[in-house]
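**Q** need a structure here:
(chains A, B, C and D)
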There are 2 protein chains.
Amino acid sequence: MTLRAVKPQHETRTRILDAAEELFMQHGFEGTSMRLLTAKAGVNLAAVNYHFGSKHALVEAVFRRRLDPMNISRIAELDKLEAEQRSPTPEAIIRAFITPGLRLVEDAKSGGRNFTRLLGRTYSEPNKAVRQLIGQMYAPAMQRYKAALERALPQMPRDELVWRMHFMFGTIAYTLAATDTVQLIAGCKPEDRYDAGLLEERLTAFLAAGLNAPLKSSIKKAA
Amino acid sequence: MTLRAVKPQHETRTRILDAAEELFMQHGFEGTSMRLLTAKAGVNLAAVNYHFGSKHALVEAVFRRRLDPMNISRIAELDKLEAEQRSPTPEAIIRAFITPGLRLVEDAKSGGRNFTRLLGRTYSEPNKAVRQLIGQMYAPAMQRYKAALERALPQMPRDELVWRMHFMFGTIAYTLAATDTVQLIAGCKPEDRYDAGLLEERLTAFLAAGLNAPLKSSIKKAA
DNA sequence: CTACCATTCAAACGTTCGTTTGATTTCCTC
DNA sequence: GAGGAAATCAAACGAACGTTTGAATGGTAG
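**A** This next block holds a predicted model:
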């Protein structure tokens, strides 16, 4: 075998995935046509169906490429944390959950930033099949973190914890997804200072305080 | 003029708006066709273009019908609060913001529940025109609440407050929108106990704690 | 060189989309 | 009851959609 320029084994696949990530983020799934997508990727119109089978299968592949490693990281972070100390604090658990997500934001050159915004938007995706798909990918990490938080907050009623985790995921999802609202409130351009480290501190502080909020008597009564 | 059965002045308009509210929530804007929509509303295919002009104008009308009164209520609640006491607490301000939103959730018979879920999903709507539309409708209330929170939390750096408000809106939006995630975490069916009063307590406690979270030194330094 | 498999390509497939048309019906006014 | 605007209707419009096809192209192994 002679030396030759290194051609990635599936360059066309990668180009399609990258273009899909960006266009899905900008225009949504239904709003992105195969013609626009393949044109942006610089591949033939038929390439998507050849390499992925269908548009829906492409959507799945876009998520799987980023989400599977991220959720594996989340579980690994929690494993590490629980190996280091018997009773990690809620704040440490939150940080373990957030870090792999924000790592994508920092990873700008690989287009991870596009994906985090796409992901945040997909938590409230209208298409039920897409939502179920995401749910399946998240389920294992979700259960692990729920169990960890139950151990860290033994005094909290289960109902209340479920809701507070719900609030927590909402905050994270929205933070990753929305840029417009911050501009709306502040007139600032959040892109200028999208420092993942600083954002992690801000998010962790906010969420840890929320998770540890004092229980109101009316909530205790209902629990 | 003789007595006759009371026929609403714009029954067709209302039927279209109600059907659109539900179908947009279920399938998104692009995923809802005019044929499906008009069939559900029991009106002719051409009725939407006759009464509203276009599909996009219908989307705008769907939001305006609920959003304008809600944001007026939000400003009114804040006016009332500030009239009652010179320095309302952050918690009271949050409650004033949340209440008009949750009132829609309770207002089940008028389809408000559909709308809250639609609204939550639209915060991260891919279509830029829709997002700008929502932003314009929200802007006045947003500015009022930002000013109120700045007065209530004078010691907080502006940057930090902007982000915490951002987190807050994310939590609210996601709470109204998502039902799947709670099921995913808990295996519970949140619909069974969607008590707006209880939810208001839970949300307020969580958000007030988050807004009042202690400032980390790293954040102070960056501010 | 030849045969072969994977990939790319231009073209067309049938379907569905949002919108428009022009006739018809409904309902109120005079 | 006649006139006329408002509303509804069936039908069709051109455009864009996701997907399929069958031929052309590329590189690799025998």
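
**Q** Next secondary structure after the host helix or strand of A:Ile98?
**A** Using DSSP states H and E, A:Ile98 falls within helix A:90-106. Remark: after helix A:90-106, the chain's next helix or strand is helix A:112-122, criterion DSSP H and E.

**Q** is the helix or strand just after that next one anywhere near chain B?
**A** Later in the chain than helix A:112-122, the nearest helix or strand by DSSP H and E is helix A:128-152. Yes. Using Cβ under 8 Å from any Cβ of the partner chain, helix A:128-152 reaches chain B at A:131, A:135, A:138-139, A:142, A:146. Where C-beta positions appear, they are placed from N, C-alpha and C, glycine not excepted.

**Q** Just the buried residues of the residues you listed.
**A** Neighbour counting over the residues of helix A:128-152 next to chain B (16 or more other Cβ atoms under 10 Å in any protein chain shown) leaves A:131, A:138, A:142, A:146 as the buried ones.

**Q** Can you pull the poorly scored residue ranges out of chain A?
**A** Residue ranges of chain A with pLDDT under 70: A:1-9, A:108-110, A:178-194, A:217-223.

**Q** how about the residues of it near DNA strand C?
**A** A:10-12, A:43-47, A:50-51 (Cβ under 7 Å from any atom of the strand).

**Q** nearest to B:Pro126, of the residues of helix A:128-152 next to chain B?
**A** Distance to B:Pro126 across the residues of helix A:128-152 next to chain B (Cβ to Cβ) is lowest for A:Arg131, with 14.7 Å.

**Q** mind listing the helices for chain A?
**A** Assigned by DSSP state H, the helices in chain A fall at A:11-27, A:34-41, A:47-51, A:55-84, A:90-106, A:112-122, A:128-152, A:158-177, A:180-186, A:196-211, A:217-222.

**Q** closest to B:Ile98 out of those?
**A** Closest to B:Ile98 of those is helix A:158-177 (Cβ to Cβ; 12.1 Å).

**Q** Alpha carbons of that closest one, as PDB, please.
**A** In PDB, the C-alpha atoms belonging to helix A:158-177 read as follows (Å, rounded to 0.1, in the frame of the first residue of the first chain):
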ATOM      1  CA  ARG A 158     -39.400  12.200  47.200                       C
ATOM      2  CA  ASP A 159     -42.100  14.300  45.500                       C
ATOM      3  CA  GLU A 160     -40.300  17.500  46.200                       C
ATOM      4  CA  LEU A 161     -37.000  16.100  45.000                       C
ATOM      5  CA  VAL A 162     -38.500  15.000  41.700                       C
ATOM      6  CA  TRP A 163     -39.800  18.500  41.100                       C
ATOM      7  CA  ARG A 164     -36.600  20.200  42.100                       C
ATOM      8  CA  MET A 165     -34.700  17.900  39.700                       C
ATOM      9  CA  HIS A 166     -37.200  18.900  37.100                       C
ATOM     10  CA  PHE A 167     -36.600  22.600  37.800                       C
ATOM     11  CA  MET A 168     -32.900  21.900  37.600                       C
ATOM     12  CA  PHE A 169     -33.000  20.200  34.200                       C
ATOM     13  CA  GLY A 170     -35.100  23.000  33.000                       C
ATOM     14  CA  THR A 171     -32.600  25.600  34.000                       C
ATOM     15  CA  ILE A 172     -29.700  23.700  32.400                       C
ATOM     16  CA  ALA A 173     -31.600  23.000  29.200                       C
ATOM     17  CA  TYR A 174     -32.700  26.600  28.800                       C
ATOM     18  CA  THR A 175     -29.300  28.000  29.700                       C
ATOM     19  CA  LEU A 176     -27.700  25.900  26.900                       C
ATOM     20  CA  ALA A 177     -30.400  26.700  24.400                       C
END
